[in-house]
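Okay, sequence plus prediction incoming.
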Amino acid sequence: MSPLKSYVLPLIVALAIFSYPIVNGFQVFLVNNLGGNANLAAHCFSSSNEDLGNRVILPGDDFHWEFSINIGTTAEYECDMGYENKQKRFQVFEERRDALRCGDQKCFWRVDRDALYLYIKEIDDYQKQFSW
């Protein structure tokens, strides 16, 4: 095999791998579990300045979004959330922290009056992650 051919195949393989944009597709769900008639206000955005806009999540409803992680990058999402007199910013997705513990690449956040709970697939239950 000529020296040129021995470099061409690895180069083609490398280009194919690094030009394919999707490593993993994820979904994040924010579920309003505040009870009563309490609406949940949420404004979510990514570390790469993707603004998901302002949302009002009605009792029992959810807001969710999908995203992919490109090779060589990471994904982080934060949300400013509030209800009644409470307001706080929460990091609802951080790839290193959440990629494995969110089952089937879906992160379900249950927003309660005392805290945010994340569904952990490994234990098949919600665990408290952040207090208000």
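That came in fine, so what should we check first?

switch to C-alpha atoms for all contacts and neighbour counts from now on
OK.

separation between the residue nearest the centre of the chain and F29?
When C-alpha atoms, centre = their mean is applied to the chain, the residue found nearest the centroid is F93 (3.9 Å). F93 sits 10 Å away from F29, going by C-alpha to C-alpha, to the nearest Å.

Quick check: neighbours shared by the two?
Residues touching both F93 and F29 by C-alpha atoms under 8 Å, 6 or more residues apart in numbering: C107.

what ranges of the protein fall below the confidence cut-off?
Residues of the chain that meet the criterion pLDDT under 70 lie in 1-23, 72.

Strands along that one, start to end?
24-32, 40-46, 51-57, 62-69, 76-83, 86-94, 106-111, 115-120, 125-131 (DSSP state E).

Isn't L118 up against C107?
Yes - counting by C-alpha atoms under 8 Å, C107 is a contact partner of L118 at 7.1 Å.

Now do the contacts for V111.
Contacts were defined as C-alpha under 8 Å, 6+ apart; by that measure V111 touches 30-34, 117.

give me that answer again for 6 Å
By C-alpha atoms under 6 Å, 6 or more residues apart in numbering, the residues touching V111 are 31-33.

List buried residues within these.
Among those, those that count as buried by neighbour count (16 or more other C-alpha atoms under 10 Å) are 31-33.

May I see the residues you listed organised as JSON lines, with distance to D51 added?
Output for the buried ones among the contacts of V111, formatted as JSON lines (distance: C-alpha to C-alpha, whole Å):
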{"residue": "V31", "distance to D51": "19"}
{"residue": "N32", "distance to D51": "20"}
{"residue": "N33", "distance to D51": "24"}
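
Please point out which parts of stretch 66-74 sit buried.
The neighbour-count check on stretch 66-74 (16+ other C-alpha under 10 Å) flags 69-70 as buried.

ok, how many other residues are close to E50?
Neighbourhood size, E50 [other C-alpha atoms under 10 Å]: 10.
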